[in-house]
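Participant: Sequence plus the predicted model coming up.
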Amino acid sequence: MIKDFTFSINRVRFDENYHPSDKTRLTTNFANLARGESRQKNLHNVLKMIDNRFNDIAHWDNARGDRYSIELEIVSVEMDIDFSGKSDNFPLIEVLNTTIVDKKDNKRIDGVVGNSFSSYVRDYDFSVLLPNYNKDRSEFSIPHNYGNLHGNLFKSIVKSIPYKNNFKKLPVICLSVSTNKTYHRTESQHPVLGIEYHSRTSSLTDLYFEKMGMKVRYFIPPKSVAPLAFYFFGDLLSDYSPLELVGTISTMESFQKIYRPEIYNANSAAPAYYQPSLTHQDYSITRIVYDREERNQLAVVQGKYTEENFIKPYQGILEQWSATYNA
């Protein structure tokens, strides 16, 4: 039996001085904003958006709307490779970690790690493996054991000693809702997360995160125009404090207004029965430059990089480990 893999965790401050390193996935949303002529203005504006939105939601004991600010770290997880006669490391995932600065009480509060989620193996699965598998098929389908390796790697990271040494709570990953699904409004309402939406079907992303051990719920936060998808372990509503949840919402809603303005910066709110669309025309554009087409192209490039440098060289060992992995 193959022993479990080991991981290393690195943390880099995401602020107006941030420059992506050579090892950073360029499809990572925050890295995309930090490139090109508009990089510093982009970073300044998105950080201001996050702070403003946080104070908008956390309005209690906050009459001036400036009590809090958010500090962000990019958390990178690498897998240490020590098999097949090779010793190396491979970058697996990047997520964001939030810290809440309470300027009134002069204290710092741990937020939630997770937020945005980016993964080399996910790029391979969605941008290389899945298109190739369906190239000559008349109907779309997914390969046997699709997402198993990625899911087991993620669960192994979360259970690892480096993760537990760095973070007190399990991650929450917040993403855009699927444009292939219809969501319906419920009567359930949370004071911070907002109104809950349900869907009768699961998206491919939902199923992929299920392989990672995560459940999903959809909420449209106060004053938002579209629901967000929250992927989590345990109990989303009771395991995290109101301020922790506000940190995730304000961070990810601000990013989604930039990346998916047709959905999250629409000029009207989602109706009771809602199907998101990237062809929706009634929306506003932020003052932040973002190249969505470039990001989609880079996902393919990085998926192929993963295939050549991780999947192919270690496929037998990875498949054997994944088949016997016990979460």
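Facilitator: Looks like it came in fine.
Participant: Leaving aside the residues adjacent along the chain, what's closest to Ser254?
Facilitator: Excluding its sequence neighbours, the residue lying closest to Ser254 (CB to CB, 6 or more residues apart in numbering) is Met49, at 4.1 Å. For the C-beta atoms, the positions are set from N, CA and C on the backbone; glycine is no exception.
Participant: quick one: that neighbour and Arg13, what's the gap?
Facilitator: 18 Å (CB to CB, to the nearest Å).
Participant: Neighbour count for the two, which is higher?
Facilitator: Neighbours were counted for Met49 and for Arg13 using other CB atoms under 10 Å; Met49 has more, 20 against 10.
Participant: Can you name the element that comes right after the helix or strand in which the more buried one is found?
Facilitator: Per DSSP states H and E, Met49 falls inside helix 39-57. Downstream of helix 39-57, the first helix or strand assigned by DSSP H and E is strand 68-83.
Participant: how big is the angle separating that following strand from helix 39-57?
Facilitator: Counting by axes from the mean of the first three to the mean of the last three CA atoms, to 10 degrees, strand 68-83 lies at 120 degrees to helix 39-57.
Participant: Mind listing what's buried along strand 68-83?
Facilitator: For strand 68-83, burial by neighbour count (16 or more other CB atoms under 10 Å) applies to 68-79, 81.
Participant: Can you name the residues bridging to Asn97?
Facilitator: Glu73, Val113 (DSSP bridges).
Participant: residues touching it, list them.
Facilitator: Asn97 is in contact with Arg11, Leu72, Glu73, Ile74, Val75, Gly111, Val112, Val113, Asn115, Phe167, counting by CB atoms under 8 Å, 6 or more residues apart in numbering.
Participant: Enumerate every residue touching the last one.
Facilitator: When you say that, I think you mean Phe167. Counting by CB under 8 Å, 6+ apart, the residues that Phe167 touches are Asn97, Val113.
Participant: Got the phi and psi for it?
Facilitator: phi -140, psi 140 (degrees, to the nearest 10).
Participant: Residues contacting the helix holding Met49, please?
Facilitator: 15-16, 18, 33-34, 62, 65-70, 72, 100, 192, 221-223, 246-247, 249-251, 253-255, 257-258, 286-290.
Participant: cool, stretch 137-146 as well?
Facilitator: Contacts to stretch 137-146, defined as CB under 8 Å, 6+ apart, come from residues Asp125, Leu129, Leu130, Tyr133, Asn134, Leu204, Tyr208, Ser322.
Participant: buried stuff in it?
Facilitator: So for stretch 137-146, counting by 16+ other CB under 10 Å, buried means Tyr146.
Participant: So what's the model's average confidence on it?
Facilitator: For stretch 137-146, mean pLDDT is 92.
Participant: And it, end to end?
Facilitator: Stretch 137-146 has an end-to-end distance of 17 Å (CA to CA, to the nearest Å).
Participant: This completes my enquiry, with thanks.
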